[in-house]
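> need the 3D shape of this:
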Amino acid sequence: MRVASTGRESTHPDFRKMKVEPRQNILMVTPDLPFPPYGSGMKVRAWPQVIALCEKYNVDLLSYSHGEGTEYKVELERVFRRVFLVQRPQNGFFDKLLFFPRVTPEKLLLYTSLYFDESCRTLLTNKDYGLVYVVSVSMAHLALPQNLAYPILVDICDAPSKLIYDHYTTETNLLKRLYRYADFLKMRHYEKARLPRKARYLVATLQDKAYLDKVCSEGNKGLLPIRVLPNSVDLDRFRPREQKDEGSILFLGGMSYWPNEEAAHWLASDIFPRIKGMVPGCRLVIAGRNPSSRLMSMDGIEEVRVTGYVEDTRDYYGSATVFLCPLRHGTGIKNKILEAMSMKLPVVGTRASFNGIPVQHGKEVLIADDAKGLAQFTVDLLQDRNRREHMAGEAYAFVRRYGMDFVKAQFLRFVEEALDCPNAISD
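Now for the predicted structure:
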């Protein structure tokens with residue numbers, strides 16, 4: 001096979017102790033390297049699944065690489081039995097021009113590669129796998145060869161077409177609106193008609209499942225067999241710290257994800273000025289990689305700090321007084337909410353911020369959907385230390401159910417279900 005292999009037997013001490021015979025073989029397929037286990041929602045969600053699989057099974061990884069494969073080769077080899085990397089294709093201007101004549105959604109086109117497809121087929125032909133585990137809907141079309149009858153488990157994570165539609169509704173540029181709407185229709189059709197019904201699927205929230213059930217009910221292929229698997233948080237890594245900075249408000253997230261960028265701009269331009277009018281000495285920190293020039297232009301104005309990439313988010317959680325999350329769009333579970341709760345940082349946010357997290361307003365968090373309400377709740381916490389500490393304690397107790405061990409056990413049950421499902425591919 002022409003893929004680059006970094007294969008050798010796993011030497012991770014935890015896995016060497018767990019010699020279960022016979023160990024079944026699993027092929028894991030990902031759009032990006034699942035290590036390091038931070039920096040993107042996919043990595044944060046996928047890494048506990050990697051650990052759970054490799055503790056119990058022989059797992060090979062087939063993944064796209066952006067050139068960083070060599071840097072993380074040693075860490076990957078400690079976990080996986082074998083690692084196969086394929087350079088991700090570069091999509092340029094002409095690929096964008098070819099978008100409209102094609103029926104494939106943009107998210108899938110970004111990961112379309114005959115070379116990757118060939119590599120996947122070669123592995124499945126030459127190796128004896130009990131299961132193919134696919135991370136992200138963007139990879140499903142490459143990892144589901146129709147002439148092979150492996151059981152398939154696909155972690156869609158969220159409701160892709162819903163997020164695209166939300167992006168369309170917020171876009172002001174006419175050409176971009178047209179592009180987003182076309183992409184929405186393509187992804188909706190893909191969900192409704194092209195995903196194989198005999199594969200099994202995972203999503204992060206009941207809301208995502210309900211949306212996909214509704215989409216699929218409109219077609220003639222039937223519903224997707226979907227299980228709900230929440231995100232997890234590393235409770236040992238995100239431990240509470242002694243607060244060091246009074247009057248500091250934090251929002252954190254990768255700004256290349258458009259709902260984060262939109263929320264950060266709304267926070268800095270509308271919500272924070274309201275807060276500052278009531279608490280003159282407060283400060284706002286917006287942390288996360290790839291902020292836009294629009295957002296960077298606010299750095300240094302009226303006690304607003306836009307950091308860009310940060311090495312360790314725990315330093316920012318640990319020094320903040322309140323975590324304010326004004327997301328108005330998005331799907332799946334927000335890892336930032338779980339992490340803030342785990343570090344006993346009180347959280348104020350919109351309903352969209354708590355999708356899939358059944359918190360109670362006034363108990364674990366404070367919830368509002370307008371700038372006035374978000375500002376007032378944040379001020380209330382800034383001015384009442386006892387209330388902050390009580391609410392943070394309630395949230396800390398609540399978030400224990402999202403610990404990695406609990407979610408890993410759920411995940412392994414779904415894997416075992418899939419392993420017991422023969423002839424998983426149809427259509």
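> domains in the protein, by residue range?
Per automatic domain parsing, the domain ranges recorded for the chain read 4-232+405-419, 248-402.
> can you pull the buried residues of stretch 281-289?
Under the neighbour-count criterion of 16 or more other C-beta atoms under 10 Å, stretch 281-289 has 282, 283, 284, 285, 286, 287, 288 buried. (Each C-beta comes from the backbone N, C-alpha and C, glycine too.)
> which non-adjacent residue is nearest the first one?
What sits nearest to residue 282 in space, not counting adjacent residues and going by C-beta to C-beta, 6 or more residues apart in numbering, is residue 247, at 4.4 Å.
> got a list of what the one you found touches?
Contacts for residue 247 (C-beta atoms under 8 Å, 6 or more residues apart in numbering) come out as 279, 281, 282, 283, 321, 382.
> and the gap between the closest residue to the second one other than its chain neighbours and residue 267?
Beyond its immediate neighbours in the sequence, the residue positioned closest to residue 281 (C-beta to C-beta, 6+ apart) is residue 247, lying 5.3 Å away. Taken as C-beta to C-beta, to the nearest Å, the spacing of residue 247 relative to residue 267 amounts to 16 Å.
> closest one of the contacts of residue 247 to residue 347?
Within the contacts of residue 247, proximity to residue 347 (C-beta to C-beta) peaks at residue 321, which comes in at 11.6 Å.
> is it true that the closest one touches residue 249?
Yes: when contacts are counted by C-beta atoms under 8 Å, residue 321 is listed as touching residue 249 (6.8 Å).
> what is in contact with the two at once?
Jointly contacting residue 321 and residue 249 under the rule C-beta under 8 Å, 6+ apart are residue 382.
> more crowded one of the two?
Between residue 321 and residue 249, counted using other C-beta atoms under 10 Å, the more crowded position is residue 249 (26 against 22).
> name the helix or strand for residue 60, please.
strand 58-65 (DSSP states H and E).
> next structured bit after that strand?
By DSSP H and E, the next helix or strand past strand 58-65 is helix 73-77.
> quick check: mean pLDDT of that following helix?
Averaging pLDDT along helix 73-77 gives 83.
> that helix: how far from the chain's middle?
With C-alpha atoms, centre = their mean, to the nearest Å as the basis, helix 73-77 stands 22 Å off its chain's centre.
> quick one: name whatever helix or strand follows it.
The helix or strand immediately downstream of helix 73-77 is strand 82-87, counting by DSSP H and E.
> would you mark the buried spots in that next one?
82, 83, 84, 85, 86.
> before we move on, what about stretch 202-216?
202, 203, 204, 205, 207, 208, 209, 211, 212, 215, 216.
> swap in stretch 254-266?
Buried positions in stretch 254-266, judged by neighbour count with 16+ other C-beta under 10 Å: 254, 255, 257, 258, 259, 260, 261, 262, 263, 264, 265, 266.
> now do stretch 51-69
Buried residues in stretch 51-69 (16+ other C-beta under 10 Å): 51-65, 69.
> what average pLDDT does that stretch get?
Regarding stretch 51-69, the rounded mean pLDDT is 87.
> just the helices in the stretch 301-427 of the chain please.
Under the criterion DSSP state H, counting those that start in this stretch, the stretch 301-427 of the chain contains helices at 313-319, 335-342, 371-382, 385-398, 404-419.
> picking up where we left off before, out of the buried residues of stretch 51-69, which is nearest to residue 77?
Proximity to residue 77 was ranked across the buried residues of stretch 51-69 by C-beta to C-beta; first place goes to residue 61, at 9.9 Å.
> show me what contacts that closest one?
Applying C-beta under 8 Å, 6+ apart to residue 61 gives the contacts 28, 30, 34, 76, 80, 82, 83, 84.
> show me where the stretch 151-300 of the chain has strands.
For the stretch 151-300 of the chain, the strands defined by DSSP state E, counting those that start in this stretch occupy 152-157, 200-203, 226-228, 248-252, 283-287.
> against residue 183, how distant is residue 102?
11 Å.
> neighbour count winner among the two?
Counted by other C-beta under 10 Å, residue 102 and residue 183 do not tie: residue 183 has more neighbours, with 23 against 14.
> that older thread, quick one: the residue nearest to residue 282 from residue 283, how far?
Taken as C-beta to C-beta, the span from residue 247 to residue 283 is 6 Å.
> ok, now residue 210?
Here residue 210 is placed at a distance of 39 Å from residue 283 (C-beta to C-beta).
> residue 66 too?
Applying C-beta to C-beta to residue 66 and residue 283 gives a distance of 35 Å.
> where do the helices of the stretch 1-150 of the chain begin and end?
13-17, 41-56, 73-77, 93-97, 106-109, 114-126, 137-140.
> point out the most buried one among those helices.
Comparing these by mean neighbour count (mean count of other C-beta atoms under 10 Å), helix 137-140 comes out on top with a mean of 24.
> which other helices and strands contact that one?
Counting contacts by 3 or more C-beta pairs under 8 Å, 6 or more residues apart in numbering; DSSP states H and E, helix 137-140 is packed against helix 106-109, strand 152-157.
> sheet partners, orientation included, of the last one?
Sheet pairing of strand 152-157 (DSSP bridges) gives strand 131-135 (parallel), strand 200-203 (parallel).
> would you list those strands in a markdown table and tack on distance to residue 407 and mean pLDDT?
Formatted as a markdown table, the strands paired with strand 152-157 follow (distance: least, C-beta to C-beta, whole Å; pLDDT from 0 to 100):
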| stretch | distance to residue 407 | mean pLDDT |
| --- | --- | --- |
| strand 131-135 | 15 | 92 |
| strand 200-203 | 11 | 94 |
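> can you put these in JSON lines and add distance to residue 392?
Shown next, in JSON lines, are the strands paired with strand 152-157 (distance: least, C-beta to C-beta, whole Å):
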{"stretch": "strand 131-135", "distance to residue 392": "33"}
{"stretch": "strand 200-203", "distance to residue 392": "29"}
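> out of those, which gets nearest to residue 156?
Ranking the strands paired with strand 152-157 by proximity to residue 156 (C-beta to C-beta) places strand 200-203 first, at 5.4 Å.
> other residues contacting the closest one?
Residues outside strand 200-203 that contact it (C-beta under 8 Å, 6+ apart) are 151-159, 195, 209, 212, 224-229, 332, 414, 417-418, 421, 424.
> could you redo the last one with a cut-off of 7 Å?
Applying C-beta atoms under 7 Å, 6 or more residues apart in numbering, the set of residues contacting strand 200-203 from outside is 152-158, 209, 212, 224-229, 414, 417-418, 421.
> now stretch 171-186
By C-beta under 7 Å, 6+ apart, stretch 171-186 touches 100, 103, 104, 105, 106, 161, 164, 165, 167, 168.
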